[in-house]
Every structure is written in C-alpha cells, then in structure tokens.
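Visitor: give me a model of this one.
(one chain, ligands or ions: 1)
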Amino acid sequence: MRRLIDLLEAQHTLPDQDLLSLITMDDAEADAYLAQRAAIVRQRHYGNDVFIRGLIEISNYCKNDCHYCGIRRGNRCCQRYRLTEEQILACCHQGYEAGFRTFVMQGGEDPYFSRERMAALIRSIKQSYPDCAVTLSLGELDRETYQEWFDAGADRYLLRHETANARLYRALHPEPLTLENRMRCLYDLKEIGYQTGCGFMVGSPGQTPEMILEDLRFIQEFRPHMVGIGPFIPHQETIFRDQPAGSAELTLRLLSIVRLMLPDVLLPATTALGTVLGDGRQQGMLHGCNVVMPNLSPPNVRGKYTLYDNKLITGAEAAESLRLLAESMAEIGYRVVTARGDWKGGST
Ligand code: SAM
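Guide: You can find the predicted model right below:
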C-alpha cells in the first residue's frame, strides 16, 4: 500500500484497480501513512494555516425533495425559517469583528432569494466588507443568474455533485433533478470564473466503492478549487431514516486521497464529519484538510437547519466559537488565520 500511496503523491493519479485498493483497504498502518503524506502535502501548499469560513444558513425553505435531506420540501415537520437581509448583514458584522474574511451563504433552493434580491445582498456585503470573499451555496440555477451574482461580487460557489454515478444520482434525487443539470451548473460556474467546489457524501445509501472511484475520477477531470466530502447521516423524516451513517474512517481516507490528487485544493473538515466524530475537525486537519466552516447563523435558527440528525450545533457566538476552534487547532500544531484564504494553485 505504501508504494501506491507514494505513487499517488508523485503522479496525482493511479490506475482504477490501485485506486480501488486504496478506497477499500483494511490496513491501519497504511491509513496512518496516507494521512501523514496528505498532511505533508497540505503543509507544502498552505503551511500550518487553517482558513475559516463563516457559514450563514440563510433559509431552510427548499423547492427540492432530495431523499436524504432533512430540509427537503416534503418534510412537513421541518420548522421553516428565512433570514432577513438585515439579519444576514448582522451575521457578517459579527463575523467580521471576530476575524472572518469569508462569508458563505448557504440555503435550500428558496425562490424568495431571487436573482435580483441576492445580487443586491451580495453588493451590499461587498460594499461593507470589500476585503472579504463571498461564497454562495444556493443550489442549481441558470447560467444568467450565476453570472449576475458573480458580477455583483460573489467569489466562490459550492455545489456538491453528490455522486458522479447517474444511477445513484437518480436513486437519491427525485425528478426533476438530474445529474446532467448538476454537472451543467458546475461547468457554468467554473467558466464564469467562480472558485468552484464540488463534492459528495460518503456512505449514501446504495453507494459502492466503484461509485466512489467515479467520484474521484470526476474530481480529477473537473479540477475544482474546493472539495466538500462528508459522511451521509440519516435524518428521521426521510426514507433513509434507518440507513447507517457513512464511515468517518473512509471519509478521512478519501480526504487524504483527494489532497494527494489535487495538492492545492481547498479542503474543508465538514460539519458532518464533526458530527460523526467528536474530534472530526482536528482529524480532518491531520488528514490533509485546511478549511473549517464555523456557523455564523443566529443561534436561534441553527437548530432548524437540520440536514441530518444530531447535527453538531453550538449556541456559541462567533467570537467565542472561533476562540475554541483556534485552541483546538493550536493543540495539533495548526493556526487559525484571519485571511480570505483564496485558492493558491496554478491555472486549472
Ligand atoms: N441547496 C444547496 C445545494 O443543493 O447545494 C445547498 C444546501 S444542501 C442542504 C448542502 C449539502 O448538504 C448537500 O450538498 C448535501 O451533500 C449535504 N447533505 C444533505 N443531507 C445530508 C445528509 N443527510 N447527510 C449528510 N450530508 C447531507
């Protein structure tokens, strides 16, 4: 296995069979070596710096009905909320004071946040905080909308591809969602000029190692600036309520593999990883991650943005949660920095 890991580090790719062997290996020593190499590569590109993104969950209204997701349209038990523009700006203010220089606006696909309304909001954030990056994670839209939000000042867009396998995509998403449109969105975003993030859940119901291989191949071909990988976690109000959560161990292994494939990628230790693993954020860093996305949403709505059960939620204010995060990163030799934390790669 060590030979394969060294080859992956040197060549950033491996033949299918070898990659599959890494994905499915049952070898604690090899896992430790993989993590060590991923951490070294991360160090080479980003040093000890941990980039932070202030996550603002702007709405849990969603017009989609993804089978795995707790805020899907069909969940009648979900207490819906939508932040006002004033509330969002107040979150940015608090975050800025605490040291955040990236704001991530994420939400369900909520038509209230129309092309015009979002463009105005992005402009007003960029006007108040010209030294900050704005990241959007608002789902699938037409190219013109993505372009208008980019022109308004948005810098980055996160849209997980969820799975590169059309059959699994269909099993996880009812009509009218299609893998084809998800991919169209990703290619549009990248062409427009966004720093673009794709990604997938580990252990989603029906996922096989071969499908994970397809995800890695897609990531290699697409060359995203960011990759979001977290374990699937069941939600009680979905058809997948009795399915097991994805493995933290496999998630960490895949994060390390992605670091070796795309050495300069921005790689977050996700909230879902922190939910299945007590020290998930620390473990993420030790496996090649370099980004954490603490929650800046008003504490009274955090419990309503429940994509899955037992989501890691703290009621802490921005400054306090950042202090705790900085302490936990310092324990393992990493340093939370106040910086936009842009992608530091060459041309993609
Ligand atoms: N609507 C936007 C979109 O489609 O990208 C952003 C919000 S969506 C809820 C954010 C991400 O949450 C999804 O890309 C998905 O991977 C993740 N997610 C949803 N349900 C989940 C679950 N049960 N377990 C783990 N992750 C989940």
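Visitor: as a check, name the ranges of all helices in the stretch 51-200 of the chain.
Guide: 85-98, 115-128, 143-151, 166-172, 179-192 (DSSP state H, counting those that start in this stretch).
Visitor: can you put the ones you listed in TSV and add mean neighbour count, distance to the ligand and mean pLDDT?
Guide: (Glycine included, C-beta is placed from N, CA and C.) Conversion of the helices of the stretch 51-200 of the chain to TSV gives the following (neighbours: other CB atoms under 10 Å; distance: least, CB to the nearest ligand atom, whole Å; pLDDT from 0 to 100):
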stretch	mean neighbour count	distance to the ligand	mean pLDDT
helix 85-98	18	16	96
helix 115-128	16	13	98
helix 143-151	18	13	98
helix 166-172	16	9	97
helix 179-192	17	9	98
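Visitor: now do the contacts for Ala272.
Guide: Residues in contact with Ala272 (CB atoms under 8 Å, 6 or more residues apart in numbering) are 201, 230-233, 307-308, 311.
Visitor: one more: Arg170?
Guide: Residues near Arg170 by CB under 8 Å, 6+ apart: Leu179.
Visitor: again, but for Ala98
Guide: If you count contacts by CB under 8 Å, 6+ apart, then Ala98 has 54, 317-319, 322 around it.
Visitor: please repeat the previous calculation with a cut-off of 6 Å.
Guide: Going by CB atoms under 6 Å, 6 or more residues apart in numbering, Ala98 touches 318-319, 322.
Visitor: what about stretch 110-121, distance to the chain center?
Guide: Taking CA atoms, centre = their mean, to the nearest Å, the mean C-alpha location of stretch 110-121 is offset from the chain mean by 22 Å.
Visitor: so what touches it?
Guide: 59, 61, 82, 85, 145, 148-149, 152.
Visitor: how many neighbours does the nearest residue to His235 once chain neighbours are set aside have?
Guide: Excluding its sequence neighbours, the residue lying closest to His235 (CB to CB, 6 or more residues apart in numbering) is Gly70, at 3.8 Å. Neighbours of Gly70 under the rule other CB atoms under 10 Å: 23.
Visitor: including distance to Arg3, could the helices of the stretch 51-200 of the chain go into TSV?
Guide: Shown next, in TSV, are the helices of the stretch 51-200 of the chain (distance: least, CB to CB, whole Å):
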stretch	distance to Arg3
helix 85-98	45
helix 115-128	48
helix 143-151	43
helix 166-172	31
helix 179-192	33
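Visitor: now stretch 22-29: buried residues?
Guide: 22-23 (16 or more other CB atoms under 10 Å).
Visitor: and that stretch, how far apart are its ends?
Guide: 12 Å (CA to CA, to the nearest Å).
Visitor: returning to that earlier point: looking at the contacts of Ala98, state which has the most neighbours.
Guide: Per-residue neighbour counts (other CB under 10 Å) across the contacts of Ala98 peak at Leu322, which has 22 neighbours.
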